[in-house]
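Asker: got a predicted structure here, sequence first:
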Amino acid sequence: MDLLIQFADPSLSGYEKFTISFTMKQSNEEEVLFKIGPAIPLTYPDDTNIPKSEEKIDRTTLSEEERASRFSSFIEAELRFDGILLLKHLACHHKNYKLKPLMRNHRLDELAVYHEKKMLFRIRDSLNLLPGKLANLAQNLCPDLGQKGSIPYEKVELSNLASMKNGLLDYMKQDILLLGGVMKNAQEIYWKLYNVDIESKITLSSLALTIFRLKYYDATHFPIHIPNKNEDSLIRRADYGGHADTYKPYGQNLYCYNVNSLYPFFMKEFPMPGGVLVWQGNLEGKDLDSMFGYIEAYVVCPKTLKRPFLPYRDKKNTLLFFIRAFIGVYYSEELKVARVLGYTMIPISSYFFERMESPFRYFVSSLFKSKLEAQRFGNEVLAYVYNIPMNSLYSRLGINPTSMTTEVYSLDRYKYLIRNSEFTSSDMLSEHNCIVSYHSNTKNI
């Protein structure tokens, strides 16, 4: 912590920042760059907002404890990063700290470090908010800070680190400067446009949802119904992954089209299920064209269909595309398309919605128009800022409600959890501690 404080510099707006950088070369010759970038703290340890100030903070008047308590930093890794490495270091060499990680698929989204009950600092993955290579982001968001440097990695060895010290430090300092400029400028842009602070968000989809709710969502004209457990369970049975089979068609003198913003287009132009759900347990004799919602149906795929359209999920959660009869849950509009392709079907039961104009129409139109206008004037920075929330909102609305809890525990607690919880994964951090991930709210879903 003393080292972090030593290299923490105040910006003109009074923010504090620090960074550490190192590179790990893996056995497959891929190189992973770890950078803890400049902090842009906007919250105190108790999560209350720090108001922006035009006055530069006089850090000489702050105690060491006050300076150490205001760190909120970002990590940027060009191949992502394995948070277990960082956790192991802290668990082994800083045993007086309490670690509160937030992990998904062994990737560290956030790590908060506490001493007793006080948060000292937290680290987040900047790629979750601003996806892209640091060189490209810096070129768009802070071109005045120069270009990203390079290192002849193949020549870096333990024996010549001392002779390469100055070059490596210059490279690290430039990366620190660029990541700081990227995060700071992005923060200022989103604040001016939407009055939203990106430092308070962990993921891009969360940022997009906040923007939508603050500026575009009209609850009076389109109240979004929150489904109960039964409703949610049936609807999620109709949520399938994409049909990812590979085909190799051949042709000559073909026209190729780049289709962009496909999800936003459908979000804007097509009706959405709205209102309060209505359960229908017997659909015998009902006309499919009169239905709008999620339908459990008996489906028969025609044997002449080369590429089956409707998926089937088996007991092992594998998606299959059968040329036979099966029962599944599907969105009514998908069943209508399947009928055109030759499927026959018997609807069994359903949750019906009201067919309503999309609540995302103004959201998509506004952001897409702003993106095109920014591109017309050659402002790629604003075009990027408008584009990424537009393409990130839809997935957030279908987020899995199951909460993942990740904590650092003793071995005894670990043995208890693997027997008495919906355990998902674990890793040893030290001789006496391990990190455990498990689902924590499944009984409430």
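Answerer: Received, thanks.
Asker: alpha carbons only for contacts and neighbour counts from here, please
Answerer: Noted.
Asker: put the alpha carbons of stretch 384-396 into PDB.
Answerer: Extracted in PDB, the C-alpha atoms of stretch 384-396 (Å, rounded to 0.1, in the frame of the first residue of the first chain):
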ATOM      1  CA  TYR A 384     -18.200   4.600 -30.200                       C
ATOM      2  CA  VAL A 385     -19.900   6.000 -27.000                       C
ATOM      3  CA  TYR A 386     -23.300   5.900 -28.700                       C
ATOM      4  CA  ASN A 387     -22.900   2.500 -30.200                       C
ATOM      5  CA  ILE A 388     -21.800   0.300 -27.400                       C
ATOM      6  CA  PRO A 389     -24.900   0.900 -25.100                       C
ATOM      7  CA  MET A 390     -27.200   0.500 -28.000                       C
ATOM      8  CA  ASN A 391     -25.900  -3.000 -28.600                       C
ATOM      9  CA  SER A 392     -25.600  -4.000 -25.000                       C
ATOM     10  CA  LEU A 393     -29.100  -3.400 -23.500                       C
ATOM     11  CA  TYR A 394     -31.100  -6.300 -24.800                       C
ATOM     12  CA  SER A 395     -29.000  -9.100 -23.200                       C
ATOM     13  CA  ARG A 396     -29.300  -7.400 -19.800                       C
END
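Asker: name the residues of that stretch that come out as buried.
Answerer: By neighbour count on 16 or more other CA atoms under 10 Å, the buried set for stretch 384-396 is 384-394.
Asker: also stretch 321-341?
Answerer: 322-323, 327-333, 335, 338-339.
Asker: quick one: which of those residues sit in helices?
Answerer: 332-333, 335, 338-339 (DSSP state H).
Asker: looking at those, which is nearest residue 271?
Answerer: residue 333 (10.4 Å; CA to CA).
Asker: got a list of what that closest one touches?
Answerer: residue 292 (CA atoms under 8 Å, 6 or more residues apart in numbering).
Asker: got the domain ranges for this structure?
Answerer: 2-202, 229-244+252-356 (automatic domain parsing).
Asker: export the ones you listed as TSV, with columns for distance to residue 373 and mean pLDDT.
Answerer: Formatted as TSV, these follow (distance: least, CA to CA, whole Å; pLDDT from 0 to 100):
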stretch	distance to residue 373	mean pLDDT
domain 2-202	15	70
domain 229-244+252-356	16	90
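Asker: export these to JSON lines and tack on distance to residue 400?
Answerer: Shown next, in JSON lines, are those (distance: least, CA to CA, whole Å):
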{"stretch": "domain 2-202", "distance to residue 400": "13"}
{"stretch": "domain 229-244+252-356", "distance to residue 400": "9"}
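Asker: ok, which of these comes nearest residue 410?
Answerer: Residue 410 lies closest to domain 2-202 among these, at 11.3 Å (CA to CA).
Asker: would residue 114 count as being in a strand?
Answerer: Yes. Counting by DSSP: H, G, I helix; E, B strand; the rest coil, residue 114 falls inside a strand.
Asker: and for it, the neighbour number?
Answerer: 18 (other CA atoms under 10 Å).
Asker: the residue lying closest to it once chain neighbours are set aside and residue 335, how far apart?
Answerer: Spatially, and ignoring its direct neighbours in sequence, residue 114 is nearest to residue 98 (4.9 Å; CA to CA, 6 or more residues apart in numbering). If you measure residue 98 against residue 335 using CA to CA, to the nearest Å, the figure is 52 Å.
Asker: so which strand or helix has the closest residue to residue 381 other than its chain neighbours?
Answerer: Distances taken as CA to CA, 6+ apart place residue 140 nearest to residue 381, at 5.2 Å, with adjacent residues excluded. Taking DSSP states H and E as the criterion, residue 140 maps to helix 134-141.
Asker: beyond that helix, next helix or strand please.
Answerer: Using DSSP H and E, the helix or strand that follows helix 134-141 in sequence is helix 165-194.
Asker: about what we covered before: which stretch among the domains of the chain comes nearest residue 430?
Answerer: Among the domains of the chain, the nearest to residue 430 by CA to CA is domain 2-202 (5.7 Å).
Asker: buried residues in stretch 351-365?
Answerer: 351-354, 357-361, 363-364.
Asker: can you check stretch 198-206 too?
Answerer: Buried residues in stretch 198-206 (16+ other CA under 10 Å): 198-199, 201-206.
Asker: ok, longest strand in this protein?
Answerer: If you go by DSSP state E, the chain has its longest strand at strand 344-356.
Asker: the inter-axis angle of that one versus helix 332-340?
Answerer: Relative orientation of strand 344-356 with respect to helix 332-340: 140 degrees, computed using axes from the mean of the first three to the mean of the last three CA atoms, to 10 degrees.
Asker: quick one: strands adjacent to whatever helix or strand residue 273 lives in?
Answerer: In the assignment (DSSP H and E), residue 273 maps to strand 272-280. Applying DSSP bridges, strand 272-280 is found paired with strand 344-356 (antiparallel).
Asker: which residues sit against the strand holding residue 273?
Answerer: For strand 272-280, using CA under 8 Å, 6+ apart, the contacting residues are 222-225, 292-293, 349-359.
Asker: one more pass at 7 Å, please.
Answerer: 222-225, 293, 349-358 (CA atoms under 7 Å, 6 or more residues apart in numbering).
Asker: can you dump the C-alpha coordinates of stretch 116-133 into PDB?
Answerer: What follows is stretch 116-133 as a C-alpha-only set of coordinates in PDB (Å, rounded to 0.1, in the frame of the first residue of the first chain):
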ATOM      1  CA  GLU A 116     -11.300  -4.800   9.200                       C
ATOM      2  CA  LYS A 117     -14.500  -3.100   8.000                       C
ATOM      3  CA  LYS A 118     -13.000  -0.400   5.900                       C
ATOM      4  CA  MET A 119     -12.500  -0.800   2.100                       C
ATOM      5  CA  LEU A 120      -9.000   0.200   1.200                       C
ATOM      6  CA  PHE A 121      -9.400  -0.100  -2.600                       C
ATOM      7  CA  ARG A 122     -11.200  -2.000  -5.300                       C
ATOM      8  CA  ILE A 123     -10.100  -3.200  -8.700                       C
ATOM      9  CA  ARG A 124     -12.200  -3.700 -11.700                       C
ATOM     10  CA  ASP A 125     -11.800  -5.000 -15.300                       C
ATOM     11  CA  SER A 126     -12.000  -2.100 -17.600                       C
ATOM     12  CA  LEU A 127     -12.800  -4.400 -20.600                       C
ATOM     13  CA  ASN A 128     -16.200  -5.000 -19.100                       C
ATOM     14  CA  LEU A 129     -17.000  -1.300 -19.600                       C
ATOM     15  CA  LEU A 130     -14.900  -0.400 -22.600                       C
ATOM     16  CA  PRO A 131     -14.300  -3.500 -24.700                       C
ATOM     17  CA  GLY A 132     -11.400  -3.100 -27.200                       C
ATOM     18  CA  LYS A 133      -7.700  -2.900 -27.500                       C
END
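Asker: ok now that stretch, how far from the chain's centre?
Answerer: Here the centre of stretch 116-133 is set off from its chain's centre by 13 Å, with CA atoms, centre = their mean, to the nearest Å.
Asker: give the buried residues for that stretch.
Answerer: Result for stretch 116-133 [16+ other CA under 10 Å]: buried residues 119-130.
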